[in-house]
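Participant: heads up, no residue letters with this:
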(Lines give C-alpha, C1' and ligand atoms only; values in the text may rest on other atoms or scores of the structure.)
Protein backbone atom coordinates (compact mmCIF):
# COMPACT_ATOMS: atom_id res chain seq x y z
CA UNK A 1 0.00 0.00 0.00
CA UNK A 2 1.34 3.42 -0.84
CA UNK A 3 0.41 6.89 -1.87
CA UNK A 4 0.94 7.52 -5.55
CA UNK A 5 0.20 10.89 -7.18
CA UNK A 6 -2.17 10.99 -10.17
CA UNK A 7 0.65 11.62 -12.62
CA UNK A 8 2.44 8.51 -11.41
CA UNK A 9 -0.82 6.56 -11.51
CA UNK A 10 -1.34 7.48 -15.13
CA UNK A 11 2.14 6.25 -15.92
CA UNK A 12 1.58 3.03 -13.98
CA UNK A 13 -1.63 2.38 -15.87
CA UNK A 14 0.36 2.04 -19.09
CA UNK A 15 1.51 -1.35 -17.86
CA UNK A 16 -0.34 -4.11 -15.99
CA UNK A 17 0.49 -3.76 -12.31
CA UNK A 18 -0.96 -4.57 -8.94
CA UNK A 19 -0.88 -1.67 -6.53
CA UNK A 20 -2.80 0.78 -4.44
CA UNK A 21 -2.98 4.49 -3.94
CA UNK A 22 -4.95 6.12 -1.16
CA UNK A 23 -7.76 8.59 -1.61
CA UNK A 24 -6.48 11.89 -0.24
CA UNK A 25 -7.79 15.43 -0.36
CA UNK A 26 -5.55 18.41 0.06
CA UNK A 27 -3.43 20.98 -1.68
CA UNK A 28 -1.60 18.54 -3.95
CA UNK A 29 -3.80 18.94 -7.03
CA UNK A 30 -2.04 20.26 -10.10
CA UNK A 31 -3.24 23.49 -11.64
CA UNK A 32 -6.84 23.44 -12.79
CA UNK A 33 -5.46 24.63 -16.09
CA UNK A 34 -5.13 20.95 -17.04
CA UNK A 35 -8.92 20.86 -17.51
CA UNK A 36 -10.31 21.50 -20.97
CA UNK A 37 -13.23 23.88 -21.16
CA UNK A 38 -15.50 21.09 -22.44
CA UNK A 39 -14.25 18.40 -20.05
CA UNK A 40 -17.72 17.30 -18.90
CA UNK A 41 -19.06 16.93 -22.43
CA UNK A 42 -15.93 15.10 -23.52
CA UNK A 43 -16.25 12.73 -20.55
CA UNK A 44 -19.88 12.05 -21.47
CA UNK A 45 -18.88 11.20 -25.03
CA UNK A 46 -16.07 8.90 -23.93
CA UNK A 47 -18.34 6.91 -21.60
CA UNK A 48 -21.00 6.69 -24.31
CA UNK A 49 -18.43 5.40 -26.85
CA UNK A 50 -17.14 2.74 -24.46
CA UNK A 51 -20.68 1.64 -23.66
CA UNK A 52 -21.64 1.45 -27.34
CA UNK A 53 -18.61 -0.62 -28.37
CA UNK A 54 -18.13 -2.99 -25.41
CA UNK A 55 -20.30 -5.85 -26.70
CA UNK A 56 -18.73 -5.69 -30.16
CA UNK A 57 -15.26 -5.86 -28.63
CA UNK A 58 -16.21 -8.89 -26.54
CA UNK A 59 -17.81 -10.69 -29.50
CA UNK A 60 -14.81 -10.05 -31.72
CA UNK A 61 -12.47 -11.23 -28.97
CA UNK A 62 -14.36 -14.53 -28.68
CA UNK A 63 -14.32 -15.03 -32.44
CA UNK A 64 -10.55 -14.57 -32.58
CA UNK A 65 -9.84 -17.04 -29.76
CA UNK A 66 -11.39 -19.96 -31.62
CA UNK A 67 -12.63 -23.09 -29.91
CA UNK A 68 -13.60 -23.83 -27.21
CA UNK A 69 -14.20 -20.14 -26.47
CA UNK A 70 -16.58 -19.61 -29.39
CA UNK A 71 -18.96 -22.37 -28.31
CA UNK A 72 -18.47 -22.41 -24.51
CA UNK A 73 -18.22 -18.71 -23.68
CA UNK A 74 -20.82 -18.87 -20.91
CA UNK A 75 -18.71 -21.40 -19.03
CA UNK A 76 -15.18 -20.27 -19.87
CA UNK A 77 -15.80 -16.53 -19.63
CA UNK A 78 -17.78 -16.57 -16.39
CA UNK A 79 -16.15 -13.70 -14.46
CA UNK A 80 -17.15 -14.91 -10.99
CA UNK A 81 -13.64 -15.93 -10.01
CA UNK A 82 -11.76 -12.81 -11.09
CA UNK A 83 -11.23 -9.51 -9.32
CA UNK A 84 -13.15 -6.59 -10.74
CA UNK A 85 -13.74 -3.30 -8.90
CA UNK A 86 -17.01 -3.27 -6.98
CA UNK A 87 -19.42 -0.75 -8.45
CA UNK A 88 -21.93 0.04 -5.74
CA UNK A 89 -22.97 3.56 -6.72
CA UNK A 90 -26.26 4.39 -8.39
CA UNK A 91 -28.04 7.41 -9.83
CA UNK A 92 -28.94 8.71 -6.37
CA UNK A 93 -25.37 8.52 -5.06
CA UNK A 94 -23.43 11.69 -4.37
CA UNK A 95 -21.62 13.00 -7.45
CA UNK A 96 -18.25 12.82 -5.67
CA UNK A 97 -18.81 9.16 -4.79
CA UNK A 98 -19.76 8.40 -8.38
CA UNK A 99 -16.66 10.09 -9.80
CA UNK A 100 -14.32 8.19 -7.46
CA UNK A 101 -16.00 4.86 -8.33
CA UNK A 102 -15.63 5.68 -12.02
CA UNK A 103 -11.95 6.44 -11.62
CA UNK A 104 -11.36 3.09 -9.89
CA UNK A 105 -13.29 1.25 -12.58
CA UNK A 106 -11.56 2.79 -15.58
CA UNK A 107 -8.09 2.73 -14.04
CA UNK A 108 -8.55 -1.01 -13.53
CA UNK A 109 -9.92 -1.44 -17.04
CA UNK A 110 -7.01 0.46 -18.57
CA UNK A 111 -4.46 -1.81 -16.89
CA UNK A 112 -6.48 -4.90 -17.87
CA UNK A 113 -6.65 -3.78 -21.49
CA UNK A 114 -2.87 -3.51 -21.43
CA UNK A 115 -2.67 -7.14 -20.32
CA UNK A 116 -5.16 -8.31 -22.94
CA UNK A 117 -3.58 -6.35 -25.79
CA UNK A 118 -0.10 -7.65 -24.98
CA UNK A 119 -1.38 -11.23 -24.90
CA UNK A 120 -3.30 -10.87 -28.16
CA UNK A 121 -0.29 -9.35 -29.91
CA UNK A 122 1.53 -12.55 -28.94
CA UNK A 123 -1.27 -15.08 -29.51
CA UNK A 124 -3.16 -13.52 -32.44
CA UNK A 125 -0.75 -11.13 -34.19
CA UNK A 126 -2.75 -11.32 -37.44
CA UNK A 127 -6.07 -10.35 -35.79
CA UNK A 128 -5.77 -6.77 -36.99
CA UNK A 129 -9.37 -5.74 -36.34
CA UNK A 130 -9.28 -7.03 -32.76
CA UNK A 131 -5.95 -5.36 -32.02
CA UNK A 132 -7.19 -2.09 -33.50
CA UNK A 133 -10.32 -2.20 -31.34
CA UNK A 134 -8.26 -2.96 -28.24
CA UNK A 135 -5.95 -0.04 -28.99
CA UNK A 136 -8.89 2.31 -29.65
CA UNK A 137 -10.64 1.25 -26.44
CA UNK A 138 -7.42 1.80 -24.50
CA UNK A 139 -6.98 5.24 -26.04
CA UNK A 140 -10.53 6.24 -25.11
CA UNK A 141 -10.10 4.86 -21.60
CA UNK A 142 -6.89 6.80 -21.03
CA UNK A 143 -8.57 9.99 -22.20
CA UNK A 144 -11.45 9.30 -19.83
CA UNK A 145 -9.07 8.75 -16.90
CA UNK A 146 -7.38 12.04 -17.68
CA UNK A 147 -10.74 13.84 -17.64
CA UNK A 148 -11.86 12.13 -14.42
CA UNK A 149 -8.54 13.13 -12.85
CA UNK A 150 -9.21 16.71 -13.81
CA UNK A 151 -12.79 16.71 -12.52
CA UNK A 152 -11.83 15.13 -9.20
CA UNK A 153 -9.09 17.69 -8.66
CA UNK A 154 -11.06 20.68 -9.83
CA UNK A 155 -14.34 19.93 -8.08
CA UNK A 156 -13.27 18.02 -4.96
CA UNK A 157 -9.52 18.64 -4.55
CA UNK A 158 -8.98 14.86 -4.68
CA UNK A 159 -5.67 13.95 -6.24
CA UNK A 160 -5.13 10.36 -5.13
CA UNK A 161 -7.59 7.48 -5.38
CA UNK A 162 -7.48 3.98 -3.92
CA UNK A 163 -7.00 1.75 -6.96
CA UNK A 164 -6.58 -2.00 -7.09
CA UNK A 165 -5.43 -3.66 -10.28
CA UNK A 166 -6.03 -7.20 -11.49
CA UNK A 167 -3.48 -9.96 -11.82
CA UNK A 168 -1.02 -9.86 -14.68
CA UNK A 169 -1.31 -12.76 -17.12
CA UNK A 170 2.45 -12.95 -17.65
CA UNK A 171 3.76 -16.50 -17.33
CA UNK A 172 0.33 -18.10 -17.77
CA UNK A 173 -0.51 -20.62 -20.50
CA UNK A 174 -2.04 -19.48 -23.78
CA UNK A 175 -5.39 -20.92 -22.71
CA UNK A 176 -5.31 -19.10 -19.35
CA UNK A 177 -4.37 -15.84 -21.06
CA UNK A 178 -7.31 -16.18 -23.43
CA UNK A 179 -9.63 -17.10 -20.57
CA UNK A 180 -8.55 -14.21 -18.36
CA UNK A 181 -9.13 -11.82 -21.24
CA UNK A 182 -12.62 -13.09 -21.97
CA UNK A 183 -13.55 -13.04 -18.26
CA UNK A 184 -12.48 -9.41 -17.92
CA UNK A 185 -14.23 -8.36 -21.14
CA UNK A 186 -17.43 -10.22 -20.19
CA UNK A 187 -17.50 -8.40 -16.86
CA UNK A 188 -16.70 -5.13 -18.61
CA UNK A 189 -19.77 -5.56 -20.84
CA UNK A 190 -21.90 -6.12 -17.75
CA UNK A 191 -20.56 -3.11 -15.83
CA UNK A 192 -20.09 -0.44 -18.50
CA UNK A 193 -23.83 -0.14 -19.18
CA UNK A 194 -24.49 0.43 -15.49
CA UNK A 195 -21.60 2.90 -15.30
CA UNK A 196 -22.99 4.89 -18.21
CA UNK A 197 -26.48 5.03 -16.69
CA UNK A 198 -25.08 6.23 -13.37
CA UNK A 199 -22.45 8.69 -14.61
CA UNK A 200 -24.15 10.44 -17.51
CA UNK A 201 -26.85 12.21 -15.43
CA UNK A 202 -24.09 13.58 -13.17
CA UNK A 203 -22.39 15.09 -16.21
CA UNK A 204 -25.48 16.61 -17.76
CA UNK A 205 -25.13 20.30 -18.62
CA UNK A 206 -26.35 22.41 -15.73
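Facilitator: Nice, thanks for sending it over. Being a predicted model, the structure only gives us computed values, none of them experimental.
Participant: what about the helices in this protein?
Facilitator: Along the chain, counting by DSSP state H, helices occupy 6-12, 39-65, 73-76, 95-123, 128-156, 174-202.
Participant: worst mean pLDDT among those helices?
Facilitator: Mean pLDDT is lowest for helix 6-12 among those, at a mean of 41.
Participant: got the contact list for residue 39?
Facilitator: When contacts are counted by CB atoms under 8 Å, 6 or more residues apart in numbering, residue 39 touches 147, 150-151. Yep, even glycine has a C-beta here, placed from its N, CA and C like the rest.
Participant: run the last query once more with 10 Å
Facilitator: Residue 39 is in contact with 146-148, 150-151, 154, 203, counting by CB atoms under 10 Å, 6 or more residues apart in numbering.
Participant: hang on, the earlier thing: dump the helices of the chain to a markdown table, plus distance to residue 84.
Facilitator: Output for the helices of the chain, formatted as a markdown table (distance: least, CB to CB, whole Å):
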| stretch | distance to residue 84 |
| --- | --- |
| helix 6-12 | 18 |
| helix 39-65 | 14 |
| helix 73-76 | 16 |
| helix 95-123 | 7 |
| helix 128-156 | 15 |
| helix 174-202 | 5 |
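Participant: to residue 83, which of the ones you listed lies closest?
Facilitator: helix 95-123 (8.4 Å; CB to CB).
Participant: ranking the helices of the chain by burial, who's on top?
Facilitator: Mean neighbour count, computed with mean count of other CB atoms under 10 Å, is highest for helix 95-123 among the helices of the chain, reaching a mean of 21.
Participant: helices and strands around that helix, which ones?
Facilitator: Judged by 3 or more CB pairs under 10 Å, 6 or more residues apart in numbering; DSSP states H and E, helix 95-123 is in contact with helix 6-12, helix 39-65, helix 128-156, strand 158-160, helix 174-202.
Participant: mind checking how far residue 44 is from residue 136?
Facilitator: According to CB to CB, to the nearest Å, residue 44 and residue 136 sit 18 Å apart.
Participant: same question for residue 156.
Facilitator: For residue 156, the distance to residue 136 - CB to CB - is 30 Å.
Participant: what separates residue 78 from residue 131, distance-wise?
Facilitator: From residue 78 across to residue 131, the span is 25 Å (CB to CB).
Participant: circling back: which one of the helices of the chain lies nearest to residue 29?
Facilitator: Nearest to residue 29, of all those, is helix 128-156, at 3.8 Å by CB to CB.
Participant: and that closest one with helix 39-65, angle?
Facilitator: Here the directions of helix 128-156 and helix 39-65 differ by 150 degrees (axes from the mean of the first three to the mean of the last three CA atoms, to 10 degrees).
Participant: tell me the angle of helix 128-156 relative to helix 174-202?
Facilitator: Going by the same axes, to 10 degrees, helix 128-156 makes 40 degrees with helix 174-202.
Participant: how far out from the middle of the chain is helix 128-156?
Facilitator: Centroid separation for helix 128-156 versus its chain: 8 Å, with CA atoms, centre = their mean, to the nearest Å.
Participant: and residue 147, what does it touch?
Facilitator: 34-36, 38-47, 106, 203.
Participant: could you find the closest non-adjacent residue to it?
Facilitator: Spatially, and ignoring its direct neighbours in sequence, residue 147 is nearest to residue 43 (4.4 Å; CB to CB, 6 or more residues apart in numbering).
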